[in-house]
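1. Below are the sequence and a predicted model for it; my questions follow.
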Amino acid sequence: METSVALIDDHHMVRKGLASIVNSMEGYRVTMDFPNGKEFVDALNITNLPHIAIVDLSMPVMNGFETMDWLRKNAPSVRALALTFDATEDAMVRAIRSGARGFLLKEAPPSELKLALDSLMLTGYYHTEEVLEGMMNSTEEKTVYERQSEALDGLITAREMEFLVLVCSAEEHTYEHIAEQMGIHVRTVDYYRKSLFEKLNVKSKVGMVLFAARHGLLPLDA
C-alpha cells in the first residue's frame, strides 16, 4: 500500500518539483496539492486524509502554523512535516507547538526528504541530528498520563518539569522570564537547562520542546 502525501505550498513550481521527487520514491504518492492551508483543510474529509502533509510555513490565507494546528486538532492521524527556508530556533519551536512532526529545509536534498518521510512513517517523527540526537522512542499507544509519569519517574525532578513546561509554553518565555516565574536566579535556570539537555539527551531548546511533544507533555492548546 502506498503512503499518501499532501503538498501545501503557495509556490506552484515548488509543489510540482516536490511532487516529482515524492512520486519517484517507492511506496509514496502525492494525492493532493494546494497553494494554501485553507484550500487544503476545506478539501479534507474522512475518506481522503493523507498519511503525511508537507506544509510550507509561509503561505497566504492560512499559513503553515495555522494549518498544522488545524490538523493537530481535527485530523491528528495526518503527520505534518514543516517545510521552510527559515531554520531559526523560534520557527522550529513554533512549528512543533503547532503540531509539526518534523522540520525540513527547502534546500534539503531528495535523499533527506526520503529519510524524513520514512522516519515519519516508522517512528511518527523526523529530526536531524542538529535538532535532536538520540531521541527516545515514543510509544504512541500509551496515555498522556503514563508518558508524563515515565518522564518524571526517576528522571526529571519536579522543578525541572516546571522549567520544561514553561519552556514549552505558547507564551514563548525567555530564560530570564522563566527565572522570574519560578522565583529563582537565572543561573539556576541555566542549571536546569543543562541538566535537562543531559537527561533527555538533547542539544537545544528545540530538542526539549520536541521531547515534550513526543511524550505527551505539551498542553493540548499549546
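-> Structure's in. What do you need? Numbers count the residues shown, from 1 in each chain.
2. Tell me who's in contact with Leu196.
-> Ile156, Glu160, Phe163, Leu164, Val202, Met208 (C-beta atoms under 8 Å, 6 or more residues apart in numbering). Heads up, the C-betas are built off the backbone N, CA and C, glycines and all.
3. any idea how far the second one lies from Ile96?
-> In this case it means Glu160. 19 Å (C-beta to C-beta, to the nearest Å).
4. follow-up on the earlier one: and the contacts of Leu196 as a markdown table, adding secondary structure, distance to Arg214 and neighbour count?
-> Putting the contacts of Leu196 into a markdown table (DSSP: H, G, I helix; E, B strand; the rest coil; distance: C-beta to C-beta, whole Å; neighbours: other C-beta atoms under 10 Å) gives the following:
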| residue | secondary structure | distance to Arg214 | neighbour count |
| --- | --- | --- | --- |
| Ile156 | coil | 14 | 21 |
| Glu160 | helix | 17 | 19 |
| Phe163 | helix | 18 | 26 |
| Leu164 | helix | 13 | 22 |
| Val202 | coil | 11 | 21 |
| Met208 | helix | 11 | 22 |
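5. low-scoring stretches of the chain, by residue?
-> By pLDDT under 70, the weakly predicted segments of the chain are 87, 128-154, 170, 215-222.
6. mind listing the helices for it?
-> In the chain, the segments counted as helices under DSSP state H are 12-23, 37-43, 64-74, 89-98, 110-123, 144-152, 158-168, 175-182, 186-200, 205-214.
7. wait, what's in contact with the closest residue in space to Val189 that isn't next to it in sequence?
-> Leaving out its chain neighbours, the residue that sits closest to Val189 by C-beta to C-beta, 6 or more residues apart in numbering is Ala179, at 4.6 Å. Contact partners of Ala179, counting by C-beta under 8 Å, 6+ apart, are His185, Val186, Thr188, Val189.
8. Kindly report the same for Lys38.
-> Val61, Met62.
9. Distance-wise, check it relative to Leu44.
-> As judged by C-beta to C-beta, Lys38 and Leu44 stand 11 Å apart.
10. same question, Glu162
-> Separation of Glu162 from Leu44 (C-beta to C-beta) stands at 38 Å.
11. Please apply the same query to Ser98.
-> Distance from Ser98 to Leu44, by C-beta to C-beta: 17 Å.
12. The two: who's more crowded?
-> Ser98 (23 against 18; other C-beta atoms under 10 Å).
13. wouldn't the more buried one be in contact with Phe65 here?
-> Yes: the criterion here is C-beta atoms under 8 Å, and Ser98 meets it with Phe65 at 4.4 Å.
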